[in-house]
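Trainee: Fold the following.
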Amino acid sequence: MQGLAEYLEVATLAVVQGLGEFLPISSSGHVLVLAHLFDALAHPLPEKLTINVMLHLGTLLAVVAYYRRRIVGLLSGEYRTLLLLIVATIPAACAGVGYEFWLKDWLVAHVDYDPLDHVLTAGLMFLVTGGVLLAVGRRHGLKEAGRLTLGQAVFVGIAQAMAILPGLSRSGMTIAAGLVCGLKREEAATFSFLLSIPTIAGATLIEGRKLFHPASVDASLGPIILGVVLSFAVGLVALAWVIHWLTKGRLSWFAGWVFFMGTVVLLWQIVLRV
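Mentor: Numbers count the residues shown, from 1 in each chain. Next up, the predicted model:
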């Protein structure tokens, strides 16, 4: 029964990841909250952050499958857009590597707090995500992605780097930044999701390396494989759906959900102290 519970829990997280990676509601925040809820009410899942990142692998594959023709175009002629994506990746790469190999250990050693694994962080950042969605949800520019300046690419990259915090939606922040820079709605989404490819791939390599330690290759590998497959399938559907909604100017509609989630999580952590 314990093994079945782990499969069911990972499957639930995978569906949430597949939806949340592309909807501007923060997949990492939802997955983290659910994983900690499982700790409190059911069978605790080991290596929550590892499972989180491996579920991102499924959605990474979904992005590659969905944008396969655009990726071929980038590699065969859209060199300026490719350069902009590389530039925009740098802030997140610095944030991810710096946190994993330096800041995380410092925080744990000095204040006994890892914000990327703390539900309270997610609760607060859900509220920030909601505010961003309300602020830019109806913007609509005229630019193609290839017409961004290098400075604007860095701006989008910084928005993505900030989304290392659970509850702060990566897609929401980068799409919002693209809209602020004057991109068309669909182009903002395309730039955001193409930008996720190197970012998620890098995070998967950093966190996924732990799976190859002898102590980590155990029965948990089965549920993780199931999670990757499910997050891929659900992610493909969610990606097509969110682009359709974005083109209609409905980005701000998701603000209500993240405000609700933020409120519930903060009540759970501060008032109920479960």
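Trainee: For the stretch 101-250 of the chain, give me the ranges with low pLDDT.
Mentor: 207-220 (pLDDT under 70).
Trainee: Now do the same contact list for Val234.
Mentor: 14-15, 17-19 (Cβ atoms under 8 Å, 6 or more residues apart in numbering). The C-beta positions use only the backbone N, C-alpha and C, and glycine is treated the same way.
Trainee: Which parts of the protein are helices?
Mentor: Taking DSSP state H to define them, one finds helices in the chain at 2-20, 27-41, 48-66, 68-76, 79-98, 104-111, 119-136, 150-162, 170-180, 185-208, 221-247, 255-266.
Trainee: Which strands or helices does the second one pack on?
Mentor: Of the remaining helices and strands, those touching helix 27-41 by 3 or more Cβ pairs under 8 Å, 6 or more residues apart in numbering; DSSP states H and E are helix 2-20, helix 48-66, helix 119-136, helix 255-266.
Trainee: would CSV of these with distance to Thr89 and mean neighbour count be doable?
Mentor: Formatted as CSV, these follow (distance: least, Cβ to Cβ, whole Å; neighbours: other Cβ atoms under 10 Å):
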stretch, distance to Thr89, mean neighbour count
helix 2-20, 21, 20
helix 48-66, 14, 22
helix 119-136, 21, 22
helix 255-266, 25, 19
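Trainee: Including distance to Val237, could those helices go into TSV?
Mentor: TSV is the format used below for the helices and strands packed on helix 27-41 (distance: least, Cβ to Cβ, whole Å):
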stretch	distance to Val237
helix 2-20	8
helix 48-66	9
helix 119-136	21
helix 255-266	18
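Trainee: among those, which is nearest Val229?
Mentor: Across the helices and strands packed on helix 27-41, Val229 has its closest neighbour in helix 48-66 (6.6 Å, Cβ to Cβ).
Trainee: now the angle from the closest one to helix 221-247?
Mentor: Angle of helix 48-66 versus helix 221-247, following axes from the mean of the first three to the mean of the last three Cα atoms, to 10 degrees, is 50 degrees.
Trainee: which secondary structure elements does helix 48-66 contact?
Mentor: The helices and strands touching helix 48-66, judged by 3+ Cβ pairs under 8 Å, 6+ apart, are helix 2-20, helix 27-41, helix 185-208, helix 221-247.
Trainee: Redo the ones you listed as JSON lines? Include distance to Thr81.
Mentor: Shown next, in JSON lines, are these (distance: least, Cβ to Cβ, whole Å):
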{"stretch": "helix 2-20", "distance to Thr81": "26"}
{"stretch": "helix 27-41", "distance to Thr81": "25"}
{"stretch": "helix 185-208", "distance to Thr81": "8"}
{"stretch": "helix 221-247", "distance to Thr81": "18"}
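Trainee: Out of the ones you listed, the one nearest Val258 is which?
Mentor: Taking the helices and strands packed on helix 48-66 one by one with Cβ to Cβ, helix 27-41 is closest: 8.3 Å.
Trainee: got the angle for the closest one vs helix 119-136?
Mentor: Using the same axes, to 10 degrees: helix 27-41 against helix 119-136 is 150 degrees.
Trainee: Work out the gap between helix 27-41 and the centre of the chain.
Mentor: 14 Å (Cα atoms, centre = their mean, to the nearest Å).
Trainee: now do stretch 21-34
Mentor: Distance, centroid of stretch 21-34 to centroid of chain: 7 Å (Cα atoms, centre = their mean).
Trainee: Next: stretch 84-93.
Mentor: What separates the centre of stretch 84-93 from the centre of its chain is 16 Å, taken as Cα atoms, centre = their mean.
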